[in-house]
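> Just a sequence and a predicted model for now, questions to come.
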Amino acid sequence: MTLELWILVICTILGLFFPFFYNWHYGKQVGGKALAGNRENLPERRGAAARGLRAHQNHLENLLPFAIVILVARIAGMSNFVTELGAVLFLIGRLTHSITYCAGISVAGIRSIAYFVGLFGILCVASQLLHFLA
């Protein structure tokens, strides 16, 4: 299995941990019994529970295009320095974005920088696909 596919698996597993984070914090907010019910008429998530949910949504929104370019590259038999670099940049960007978002860290636009690092990673892989087609 290529490095790019391993990173895709790691990013997918990261996405599975978000609900544990934000639901644990939400349970502290509303009580465990409230979460065990049908969850109707619960108050809005606040603090870490809200940030975790938003971080999860953002992660999923970015995971889809990453997965598509990685899987297309794999189907095309493509794995090189640029695709590996792109995957590593995506992983670093997503980890940094997730940690800072969940922790509420907003130092000098770090989340925005992390987002663009991940986006650049996707574009690195996509550039190789476009080069392959040309």
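That came in fine, so what should we check first? Numbering: from 1, shown residues only.
> and the helix or strand bottoming out on mean pLDDT in the chain, what other elements does it pack with?
For the chain, using mean pLDDT, DSSP states H and E, the weakest element among its helices and strands is helix 32-36, scoring a mean of 78. Judged by 3 or more CB pairs under 8 Å, 6 or more residues apart in numbering; DSSP states H and E, helix 32-36 is in contact with helix 3-30. For every residue, glycine as well, the C-beta is placed using N, CA and C.
> tell me the mean pLDDT over the helix it packs on?
For helix 3-30, the mean pLDDT works out to 95.
> ok now that helix, how far from the chain's centre?
In this view, helix 3-30 has its centroid 9 Å away from the chain centroid, taken as CA atoms, centre = their mean, to the nearest Å.
> Of all the residues in it, which ones are buried?
4, 7, 8, 11, 14, 15, 18, 21, 22, 25, 26, 29 (16 or more other CB atoms under 10 Å).
> For residue 60, give its distance to residue 16.
Note on residue 60: its distance to residue 16, by CB to CB, to the nearest Å, is 11 Å.
> What of residue 107?
As judged by CB to CB, residue 107 and residue 16 stand 27 Å apart.
> Kindly report the same for residue 116.
Noted for residue 116: a distance of 25 Å to residue 16, by CB to CB.
> just residue 126 next, same as before
Distance of residue 126 to residue 16, computed by CB to CB: 25 Å.
> Helices of the chain, start to end?
Taking DSSP state H, the helices of the chain run over residues 3-30, 32-36, 47-75, 81-103, 110-133.
> Of the ones you listed, flag the one that's most buried.
helix 81-103 (a mean of 20; mean count of other CB atoms under 10 Å).
> tell me the angle that one makes with helix 3-30.
10 degrees (axes from the mean of the first three to the mean of the last three CA atoms, to 10 degrees).
> for helix 81-103, the distance to its chain's centre please.
When distances are taken as CA atoms, centre = their mean, helix 81-103 is centred 8 Å away from the chain's centroid.
> still on that earlier bit, out of the buried residues of helix 3-30, which one sits closest to residue 83?
Distance ranking of those against residue 83, using CB to CB, places residue 4 first at 5.5 Å.
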